[in-house]
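In: need a structure here:
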Amino acid sequence: MMSERIGSYVHVPFCSAVCPYCDFAVVSGRDDQLGRYRDAVVNEISRDDPWESLESVYIGGGTPSRMPPEMLGTIVSALGDQHGLGEGAEISLEANPEDFDAATADGLLASGFNRISFGAQSFDNKILLQLGRRHEADQIGRSVATARASGFENISIDLIYGTPGETDQSWSSTLDRAIATDPDHVSCYALTVEPGTPLGREVKAGAPAPDPDVQADRFEAADRRLSEAGLKRYEVSNWSRPGYECVYNSTVWAQGEYAAYGNSAHRFRDRTRSRNLSRLDQYLGAIEEGESAIAGSDSRLEGAEFEIDRLFVGLRRTIGVPTGPGGRSLLDSFDGQRLLAAGVIVEVDGWLRIDRPLMTDEVLRSVLALDLAGLDDDDAGT
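Out: Model (predicted):
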């Protein structure tokens, strides 16, 4: 069954420089377009069909904190005017430690933000340099302390593990220092080599690639240390204190619906996934010409496709999903029987979940391979 929660994502593509591993729709050296972009996003929001009150807003990128708080506040206000913001709605912003100060924190609070997610990535300066980050390790703790002192009560830290050259000691120290900042939420992601990125080209030319076995060890170390610190894993890559699970991301994983604005933004409304133009100039031109910014749309999810989608997004959560006909088909399949026997997946009280999170990708590949031909909406877990 779809989540009753709804939210909105806003993409802000501006960065001081593009990290070598990044394959997102981002730009550097274009800060002169910040005001123009703000106006385009507000325009896009105002042209959308009014919806129900949003329970979460997530502004990501890119580096959204490069946009002044008053500009970001204008975007939040436009969302409230067009759709409404529910009481206590989670309003999140991604920020980098190097451009976050007390004035920024105060301005963001005044603009309605109540959650900050810092792109820390590592507390090892050598690894930060290798990842192309512009901050040093000590700036992370100072930024978290600044946000806390200004009044933010919901702070998240993003970390990346498995960078070639990272040692067990380096990762252990990163986890210790991250925990010492007393975050409410931590995300840990394995470094991924994406084709077409500078990192991808370097690896193709012979540079060391991340070692999957080492990354598995790093994940297990993170799960152990964060759990000991009172942060419970609620999704494959996310841990939080009780009550601090990210509302926007939880909505996405529960097959909830969300609007989206800005270049490359992806949305899910009325069982349909669609995406905006990726290139900044194309997006700006389309909006300013009064045209749609949508670059493509999938067909409306019905029956079997809806059920596979439900499993694909929902099984990332530690609680899993109601088994439903798709889950039953997975359990009855050859792959499912093998995964069940190995303790990778389990079914308890009508809920299907993954008990070995390092095997998540394998389980999801099995989900995509399911043959649910003939399943209609009356049968699907809607």
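In: where in this protein is pLDDT low?
Out: 1-3, 374, 376-382 (pLDDT under 70).
In: thought Tyr244 was touching Asp184?
Out: Yes - judged on C-beta atoms under 8 Å, Tyr244 makes contact with Asp184 at a distance of 4.2 Å. Any C-beta I mention is one placed from the backbone N, CA and C, and that applies to glycine too.
In: tell me, what's touching those two both at once?
Out: Asn154 (C-beta atoms under 8 Å, 6 or more residues apart in numbering).
In: where's Asp51, which helix or strand?
Out: You called it Asp, but residue 51 is Trp. Counting by DSSP states H and E, no helix or strand carries Trp51.
In: I figured it hits Ile6, correct?
Out: Yes - counting by C-beta under 8 Å, Trp51 does reach Ile6; the two are 6.9 Å apart.
In: show me where the stretch 51-200 of the chain has helices.
Out: 69-82, 102-110, 125-130, 137-150, 168-180, 198-204 (DSSP state H, counting those that start in this stretch).
In: export these as CSV, with columns for mean neighbour count.
Out: Output for the helices of the stretch 51-200 of the chain, formatted as CSV (neighbours: other C-beta atoms under 10 Å):
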stretch, mean neighbour count
helix 69-82, 19
helix 102-110, 17
helix 125-130, 17
helix 137-150, 19
helix 168-180, 18
helix 198-204, 16
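In: out of these, which gets nearest to Ile116?
Out: helix 137-150 (5.1 Å; C-beta to C-beta).
In: and the residue positioned nearest the centre of the chain, what element?
Out: Averaging the C-alpha coordinates of the chain gives a centre point, and the residue nearest to it by C-alpha atoms, centre = their mean is Asn249 (6.3 Å). Using DSSP H and E, Asn249 maps to helix 247-253.
In: how far does that helix sit from its chain's centre?
Out: 9 Å (C-alpha atoms, centre = their mean, to the nearest Å).
In: whichever helix or strand comes after it packs against which elements?
Out: Downstream of helix 247-253, the next assigned helix or strand under DSSP H and E is strand 257-261. For strand 257-261, the packing partners by 3 or more C-beta pairs under 8 Å, 6 or more residues apart in numbering; DSSP states H and E come out as strand 6-12, helix 34-47, helix 247-253, strand 266-269.
In: how about the second one: buried residues?
Out: By that I understand helix 34-47. 37-38, 40-42, 44-45 (16 or more other C-beta atoms under 10 Å).
In: convert the C-alpha atoms of that helix to PDB, please.
Out: Provided in PDB are the C-alpha atoms of helix 34-47 (Å, rounded to 0.1, in the frame of the first residue of the first chain):
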ATOM      1  CA  LEU A  34      21.400  32.000  -8.600                       C
ATOM      2  CA  GLY A  35      18.600  34.600  -8.700                       C
ATOM      3  CA  ARG A  36      17.500  33.600 -12.200                       C
ATOM      4  CA  TYR A  37      17.300  30.000 -11.000                       C
ATOM      5  CA  ARG A  38      15.300  30.900  -7.900                       C
ATOM      6  CA  ASP A  39      12.800  32.800 -10.100                       C
ATOM      7  CA  ALA A  40      12.500  29.800 -12.400                       C
ATOM      8  CA  VAL A  41      11.800  27.300  -9.600                       C
ATOM      9  CA  VAL A  42       9.200  29.600  -8.000                       C
ATOM     10  CA  ASN A  43       7.600  30.000 -11.500                       C
ATOM     11  CA  GLU A  44       7.500  26.200 -12.000                       C
ATOM     12  CA  ILE A  45       5.900  25.800  -8.500                       C
ATOM     13  CA  SER A  46       3.300  28.400  -9.200                       C
ATOM     14  CA  ARG A  47       2.300  26.700 -12.500                       C
END
